[in-house]
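Enquirer: with the sequence up front, the predicted model follows.
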Amino acid sequence: MTVIQFFKFRQMIIFCGIFLLACNSDEPEAVPAPVPGTPAATSTAEELDDLSDHFEFLSAKKTTGKIPEAPAGNSTLKISFKDTLYMMGSARIPIEFLHDAATNVAGVYIQVHRPEANAAGDPLYATYHYDVPELAESAESAESDTVSVIFVGFDPTGFELPLSLAVTISPYGANGQPLDEIEEIFTIEESNESSNNSGRSKGDPCPFTTSSAIDSWNWKYSSIEVNGKLEFYLAKGKMATYGQTILGCCNPGLSSTGCAPGVTPTFSLFFPTYYRIELELLAFLENGSFRRTTVEASANPETDSSDFCTGGLGRVRASIHDIDYRGFWTLDPNTQNLQLRTDTSTDPGGGYGNPGGLLSYTCHLMLLIQVDREGFGRDLQKLYIRGGIRSFQWYDIPD
């Protein structure tokens, strides 16, 4: 807990220093107002089924009928978005659930329905619902005891965008019994791809460029998907690596990995080492320059000060590494290939790079795709949300 609090405190200092933000303000950076989504046609079950058929999941099965009824009463579950989930046709959007360690969110039921405010009459549902299991990469992560994730996508082919539809979401436990239920709006926005307006103009209410580095894109996750299977997944603040076991010797008066000549190390310690990306911000300025900030957190083993004699956990040294990059961007209007050329950084040779990629964006989301040049289809996709530095929030599921 002490390490986590240190990171949060340190990051506040970093953010305020880099961007000269007013740290006493709780107001998030302004996001351009999107065009309101057109309510989907939902007068018949067939229309609802047509909408539902356009959902895309990594793994899901259709089950005829309504979602099983969730138990009455308040649950302790929280969800990662409020009221509206914004989507774009070329990206999978994560839906996350926060729960206590004793609660296992094994998956989520999803069903399209007619909005309650619709004057057409009683609630109307699609004739089937989806059973979407928890993302395997999330279940196997170091945070799996408290956070569960699914991916959802929508193929907008045949629909006029933006499009809004009402959806019932019901997370369930290991036995398939719903834990809670919430009704939300999914809004699929028009992207620069679907509008065929390459690069967009200054008159567009949602350009990907900005006049200030404060209005930046905030990295959410990176993934590699091949033939519908997720081969790589790394999200903001999630452990990329965690823990290692190191062999050593128990030396009289000194416990370390050093062993006497001819002595085989037989004592082992588990060291809670880790590496995670806390932040990546990208701001594309209208003058053709860009600014990028990364924050990486890690803990490395301190073997010489760890006690191999009595066992327990090995000692680690936690650190946080922030780097500010500056350079220039260019966008090919025909291919939508965005190239980033870094000229300077506060730590030359440190950190990790970002060359850009094929660009898609909406009012709320940006996707960069780094194409696999070896031809194996292992394209790296990086999803960003608009809004610069803002605290990640969890939202209660209402009664």
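Expert: Yep, that arrived. Numbering: from 1, shown residues only.
Enquirer: tell me what K61 is bridged to.
Expert: Beta bridges link K61 to D131, judged by DSSP bridges.
Enquirer: I'd assumed H129 was in contact with it.
Expert: No - the pair K61 and H129 does not pass the contact test of C-beta atoms under 8 Å, sitting 9.9 Å apart. Yep, even glycine has a C-beta here, placed from its N, CA and C like the rest.
Enquirer: higher neighbour count, those two?
Expert: Per other C-beta atoms under 10 Å, whichever of K61 and H129 has more neighbours is H129, with 25 against 11.
Enquirer: which stretch of helix or strand covers the residue nearest to the more buried one when sequence neighbours are not counted?
Expert: Nearest residue to H129, sequence neighbours excluded (C-beta to C-beta, 6 or more residues apart in numbering): Q111, at 3.7 Å. Using DSSP states H and E, Q111 maps to strand 107-113.
Enquirer: what comes up buried for that strand?
Expert: Using 16 or more other C-beta atoms under 10 Å as the test for burial, strand 107-113 gives 107-113.
Enquirer: quick check: T342 touching W329?
Expert: No - contact criterion C-beta under 8 Å: T342 and W329 do not qualify, at 10.3 Å.
Enquirer: looking at the two, which is more packed in?
Expert: A count of neighbours by other C-beta under 10 Å puts W329 above the other of T342 and W329, at 19 against 16.
Enquirer: S75: neighbour count?
Expert: So S75, with other C-beta under 10 Å, has 17 neighbours.
Enquirer: what's the answer for T346, then?
Expert: The burial count assigned to T346 is 13, neighbours taken as other C-beta under 10 Å.
Enquirer: relative to I323, how far out is it?
Expert: 5 Å (C-beta to C-beta, to the nearest Å).
Enquirer: okay, now the unreliable bits of the stretch 51-200 of the chain?
Expert: Counting by pLDDT under 70, the stretch 51-200 of the chain has low-confidence residues at 74, 116-122, 137-144, 193-200.
Enquirer: residues contacting G351?
Expert: 294, 296, 321, 323, 325, 345 (C-beta atoms under 8 Å, 6 or more residues apart in numbering).
Enquirer: out of those residues, grab the one that's most surrounded.
Expert: Neighbour counts for those (other C-beta under 10 Å) peak at T294, which has 23 neighbours.
Enquirer: distance of it relative to Q336?
Expert: Per C-beta to C-beta, T294 is found 24 Å from Q336.
Enquirer: which parts of the host helix or strand of S268 are buried?
Expert: Here S268 sits within strand 267-284, counting by DSSP H and E. With burial defined by 16+ other C-beta under 10 Å, the residues of strand 267-284 counted as buried are 267, 269, 271-274, 276-284.
Enquirer: tell me what angle the helix or strand that it is followed by forms with strand 267-284.
Expert: Using DSSP H and E, the helix or strand that follows strand 267-284 towards the C-terminus is strand 289-301. Here strand 289-301 runs at an angle of 170 degrees relative to strand 267-284 (axes from the mean of the first three to the mean of the last three C-alpha atoms, to 10 degrees).
Enquirer: and the helix or strand just after strand 289-301, which strands flank it?
Expert: Next along the chain after strand 289-301, taking DSSP H and E as the criterion, comes strand 316-331. Strand pairing for strand 316-331, using DSSP bridges, gives strand 289-301 (antiparallel), strand 337-345 (antiparallel).
Enquirer: can you lay out the ones you listed as JSON lines showing distance to I188 and mean pLDDT?
Expert: JSON lines is the format used below for those (distance: least, C-beta to C-beta, whole Å; pLDDT from 0 to 100):
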{"stretch": "strand 289-301", "distance to I188": "28", "mean pLDDT": "96"}
{"stretch": "strand 337-345", "distance to I188": "22", "mean pLDDT": "96"}
